[in-house]
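> attaching a predicted model along with its sequence, questions to come.
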Amino acid sequence: MPQQRASLISIVQLGALLSSCAPRDAPQPVPPTPRPTIVVDAAIRTGPPVAPGLRLPAGAEPLAYDVRLEVDPDKESFQGTVEIRTRLDAATTVIWLHAVDLEIASARIRSGTVSDVAIPTARTPEQMIGLQVGRAIGPGEIIIAVSFTGHTSRDQEGLFRQRVGGTWFLFSQGQAVLARRILPCFDEPRFKVPWRVTLVVPPDLVALGNAPVASEQLLPDRRREVTFAEIGPLPSYLFAIAVGPFTLVDGGVVGRNNTPVRIAVWPSDASRVTTAIKVLPKLVTALEDYLDRPLPWPKLDLVAVPQLFGAMENVGLVTFESSILIGDESDPGFVPRFTRIAGHELAHQWMGNVVTPVWWDELWLSEAFATFLAEKVNLRFGGHDDPVLRAQLARSDALSADAISVKRALRRPIESADDADDMFDEITYEKGGAVLEMFEHAAGPGVFREVVRELVRSNASGWVTTDKLVAGLGALATPGLARSLAAYAGHAGTPIVDLTLACDDGTPSLIARARDGLTIPVCVRYPGAGDQRACALVSKLTEIALPAATSCPAWIVGNEDGRGYYQTAGPASLLLPPATMIRPAERLAIGDDLAGGVRRGEVTIAAAAKILKALIASKESYAALGALAIAGAIDPIVDARQRPKWTAWLASQLRPRLRAAALLAPRKAVDREVRDAVLELVSEHVDRGAVQRARAIIDAELTGKAAPTDDLGGAITIAAPRDGRALFDRIVKVAVATKYPDLAAALLASLGSFGPALAAKLVETALDRRLPSPPLVAALVAALRRPATQTAAWQAIRDQLPQLMARLSGIEARPLVEGLGELCTAQMRLEVAAAVEPRVREVFRGRETLGTALASIERCVTRQASAGEIAAALPAANQ
């Protein structure tokens, strides 16, 4: 869940006077409003403290938090006090905390019976402040007390407000390094302690926290004070609140401990969460069964947020983008979508919340295991209508991310607060999950389940590291697998296994070599007496015996069932069996492997096109999707001169897939994926009947004569280049008027399907502040990706770039800059650099993102130049 993390903290000059603090078991009353800022005599200063660097220094460890926040969703600021019981290992004159965009009104440090005024230092580049006192304090326990004012954001960071209709709601987001925007704290995941929280809110609003309510009272000023039970131990990023005029829908109880469930939603949609309530108990039971541990928290509230990056696993207060949580059984996509995402967030209640990565470089453990465990739930309860397809698509997404120029490992160095946010990507989620699936397959499901259970059992309420997982795998499986996993965790880039048959001495074998010094668990299939397989841990040079082969094998499947997280290369990787002997997952994996070879320049266009044609000829959907992956790798390097011949040849191979029945009535998930890929590549070649049917679907669904279906997006993609401005305006009008945010987002994202004449209109629409930005950014990126609209889209974006950057948050601007990497001329590269470089600070991770986009353009230009006459290579594929 990458988010832009701004880095501004405002501290009142010479800041402040600290409020007196009593020990945690006897806190002094906290007034409802912060005390006025008082200038402290500078004579107590002992000189500016030296900033500690990225991580908080050793020597000060929080033991418990007591937090009081005065919040009102109608207001853009809030007041708070925090008392942090802390242990000092040695005497010190300064204590470092994280704080961003907080105005410190007062600060005190109490040691024994003495209370010292603390002076906040200026914020460091690592988002810390030092609380400096005039004498040495410690060792021993102290109380840090800070009063402060904070500000809500529009970027889902810290405390943020959103409206439903005309009514404001308040939510929080603490991950990755955002709790420091809510209160001064030790904002690192290694610090897990109990929390006690009090909220002061307007009297008619619902206040939610991580824990159940312990008490509440009406204050003299008519505000309501709500105190929650102590809960923990929690790291700061899991601290969460929500405040607003919610309706709380009773969800009954779930799990072995009969944990109470509520759904928090705005009143107008309270009747549309019953489907989620029905599904939830099954998910909890499945996770409890796999982990053999009950849901570990005293309550489970699921909270709807109008616009969110997805969902967040806060203890006892899981937040969901509203369309994930609110829906109807009549929507065929709702239950699978809720099952997938809720399964992931619920898995975090153990993996992430009970056992927590000790530092952000270990985040992959939390997210990868949540992905892995959610898949177990999805397979059991139908979260996927096609598990094979979903597993291979996730693997494909991860391999694509692994192949970019800025390569990232699962466990990678964290050098700034932004690096922590950047961990939420396809590598951490999809690659992490795929890697765990591979090692489960290699170790055996039962053995791997015990590895997971022991990891949670032995580290409950504490921390996990890659080393602990590796040790557990080595103890319960084999040391070789453990060493392989350790290498995978630190490896950046696509794992590749070169395969070569060795048949000279009469005993066939397969010579396998893992690149980059990896050791990879590899399983292959080959012809023999029956369906034969062979497995080995492959390192620099490994001979895999093929004992059942009576002669040199005619074919090799280098990744049995596509379970391995690696791509195959080398001569044997091109020796494919007859299509009927390739299993569904393997058809997709083969396509991805060939696509990777094309992108690396290791597979010729002629060889790739021949396999592409053979896969399509099987008339099987998984094979077609594999073939389209190969086509997707070739397509970007086809220049304008050769493009008509290329698209005509590809369309001739796909002719049955260009008819209305295939494009507008696919019922299987794999056929919908094929439909989307076909339209991405050759939409201009669809049959006339498909165009007519698309127009009928659009008319029925946009006028409300028919309920929106999955066919609407495909219909718009078909009709948009042909129907132009009238359809464009019609879609925008419906998107503005609809009360369903997910429908509005889908409609706006489809605007990238229109022709080059409407590129400027698309950018103009993206500047409309009535409309949500993310789907419009997606539409702009889609227009950049399509060869027919690429040039016009870039020119329109370039001409309005200052206005777009002013409209978008840094997080929203990042995918737009990433999308510029779809361009493929040297001149465009120069233009992108000149246009974006002066505005790179307006983009989250802007310099890195721009560098990646420019490198992508350069690679495309180089590949295009070296590809030669693509049109000339196509006839060879027909032989």
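Structure received.
> which stretches of the stretch 751-879 of the chain form strands?
Assigned strands in the stretch 751-879 of the chain: none (criterion: DSSP state E, counting those that start in this stretch).
> actually, the stretch 251-400 of the chain.
Under DSSP E, counting those that start in this stretch, the stretch 251-400 of the chain gives strands at 259-265, 300-305, 311-312, 317-321, 356-357.
> would you list those strands in TSV and tack on mean neighbour count and distance to L346?
Heads up, the C-betas are built off the backbone N, CA and C, glycines and all. Converted to TSV, the strands of the stretch 251-400 of the chain look like this (neighbours: other Cβ atoms under 10 Å; distance: least, Cβ to Cβ, whole Å):
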stretch	mean neighbour count	distance to L346
strand 259-265	22	11
strand 300-305	25	8
strand 311-312	24	10
strand 317-321	23	8
strand 356-357	24	16
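> and of the ones you listed, who's closest to P666?
P666 lies closest, by Cβ to Cβ, to one member of these: strand 317-321, at 25.9 Å.
> next, format the strands of the stretch 251-400 of the chain as JSON lines and append distance to R600 and mean pLDDT.
Below are the strands of the stretch 251-400 of the chain laid out as JSON lines (distance: least, Cβ to Cβ, whole Å; pLDDT from 0 to 100):
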{"stretch": "strand 259-265", "distance to R600": "48", "mean pLDDT": "97"}
{"stretch": "strand 300-305", "distance to R600": "41", "mean pLDDT": "96"}
{"stretch": "strand 311-312", "distance to R600": "35", "mean pLDDT": "94"}
{"stretch": "strand 317-321", "distance to R600": "37", "mean pLDDT": "96"}
{"stretch": "strand 356-357", "distance to R600": "33", "mean pLDDT": "94"}
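> in TSV: those strands, plus distance to T717.
TSV is the format used below for the strands of the stretch 251-400 of the chain (distance: least, Cβ to Cβ, whole Å):
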stretch	distance to T717
strand 259-265	33
strand 300-305	29
strand 311-312	28
strand 317-321	24
strand 356-357	41
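> and those strands: which comes nearest A826?
Judging the strands of the stretch 251-400 of the chain by Cβ to Cβ, what sits closest to A826 is strand 317-321, at 40.2 Å.
> check the burial of E837 by counting its neighbours.
12 (other Cβ atoms under 10 Å).
> pLDDT value on the spatially closest residue to it that is not a sequence neighbour, please?
Here the nearest residue to E837 in space, its sequence neighbours aside, is L850; by Cβ to Cβ, 6 or more residues apart in numbering that works out to 6.8 Å. At L850, the model reports a pLDDT of 90.
> in contact with L850, which residues?
817, 832-833, 836-837, 840, 843 (Cβ atoms under 8 Å, 6 or more residues apart in numbering).
> 6 Å instead?
Going by Cβ atoms under 6 Å, 6 or more residues apart in numbering, L850 touches 817, 836, 840.
> quick one: buried ones out of the residues you listed?
Restricting these to buried positions leaves 817, 836, with burial counted as 16 or more other Cβ atoms under 10 Å.
> list of residues touching stretch 280-290?
For stretch 280-290, the external contacting residues (Cβ under 6 Å, 6+ apart) are 254-256, 294-295, 342-343, 346-347, 376-377, 380-381.
> dump those to a markdown table, plus pLDDT.
As requested, those are exported to a markdown table (pLDDT from 0 to 100):
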| residue | pLDDT |
| --- | --- |
| V254 | 96 |
| G255 | 95 |
| R256 | 96 |
| P294 | 97 |
| L295 | 95 |
| A342 | 94 |
| G343 | 94 |
| L346 | 97 |
| A347 | 96 |
| K376 | 88 |
| V377 | 87 |
| R380 | 79 |
| F381 | 74 |
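> just checking, G255 touches W297?
No - applying Cβ atoms under 6 Å as the test, G255 and W297 come out as separate, 10.0 Å apart.
> so, low pLDDT: which residues of the protein?
Along the chain, the model assigns pLDDT under 70 to residues 1-48, 382-384, 405, 529-531, 707-708, 876-879.
> show me it divided up by domain.
Using automatic domain parsing, the domains assigned to the chain come out as 1-236, 351-490, 496-575.
> next, the residue lying closest to T738 once chain neighbours are set aside: secondary structure please.
Excluding the flanking residues, the one nearest T738 by Cβ to Cβ, 6+ apart is A744, at 5.2 Å. Assigned by DSSP: H, G, I helix; E, B strand; the rest coil, the conformation of A744 is helix.
> other SSEs contacting the helix or strand containing A623?
Assessed by DSSP states H and E, A623 sits inside helix 621-634. Applying 3 or more Cβ pairs under 6 Å, 6 or more residues apart in numbering; DSSP states H and E, we find helix 621-634 packed against helix 584-600, helix 605-617, helix 669-682.
> mean neighbour count, these: which tops it?
Compared across these, helix 584-600 shows the largest average neighbour count, a mean of 25 (mean count of other Cβ atoms under 10 Å).
> which residues are contacting that helix?
388, 392, 396, 557, 559, 561-562, 567-569, 603, 608, 611, 622-623, 625-626, 629-630, 633.
> residue ranges of the helices in the stretch 451-600 of the chain, please?
Using DSSP state H, counting those that start in this stretch, the helices of the stretch 451-600 of the chain run over 466-476, 479-490, 584-600.
> of all these, which lies closest to F728?
helix 584-600 (32.6 Å).
> do you know which of the domains of the chain lies nearest F334?
Set against F334 and scored by Cβ to Cβ, those come closest in domain 351-490, at 11.5 Å.
> distance between the ends of the closest one?
21 Å (Cα to Cα, to the nearest Å).
> how distant is it from the center of its chain?
Chain-centre distance of domain 351-490: 14 Å, with Cα atoms, centre = their mean, to the nearest Å.
> can you pull the buried residues of stretch 541-560?
The neighbour-count check on stretch 541-560 (16+ other Cβ under 10 Å) flags 542, 544, 546, 548-549, 553, 556-560 as buried.
> now, among the residues you listed, which is nearest to I870?
Minimum distance to I870 across these is 26.2 Å, recorded for G558 (Cβ to Cβ).
> which non-adjacent residue is nearest that closest one?
In space, and not counting its chain neighbours, G558 is closest to T568: 3.6 Å by Cβ to Cβ, 6+ apart.
> now do the same contact list for that neighbour.
Contact analysis of T568 by Cβ under 6 Å, 6+ apart lists 497, 499, 558-559, 593.
> beta partners of it?
V497 (DSSP bridges).
> which other residues reach stretch 258-276?
If you take Cβ under 6 Å, 6+ apart as the criterion, stretch 258-276 is touched by 164, 246-249, 251, 253-254, 295, 299-304, 325-326, 329, 338.
> I misspoke; the intended subject was stretch 140-156.
So stretch 140-156 is contacted by 4, 18-19, 21, 34-35, 76-87, 101-111, 159-161, 173, 184, 809 (Cβ under 6 Å, 6+ apart).
> in ChimeraX, select just the buried ones from these.
With 16+ other Cβ under 10 Å as the criterion, this ChimeraX line picks the buried residues out of these:
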select :4,18,19,21,34,78,79,80,81,82,83,84,85,86,101,102,103,104,105,106,107,108,109,110,111,159,160,161,173,184,809
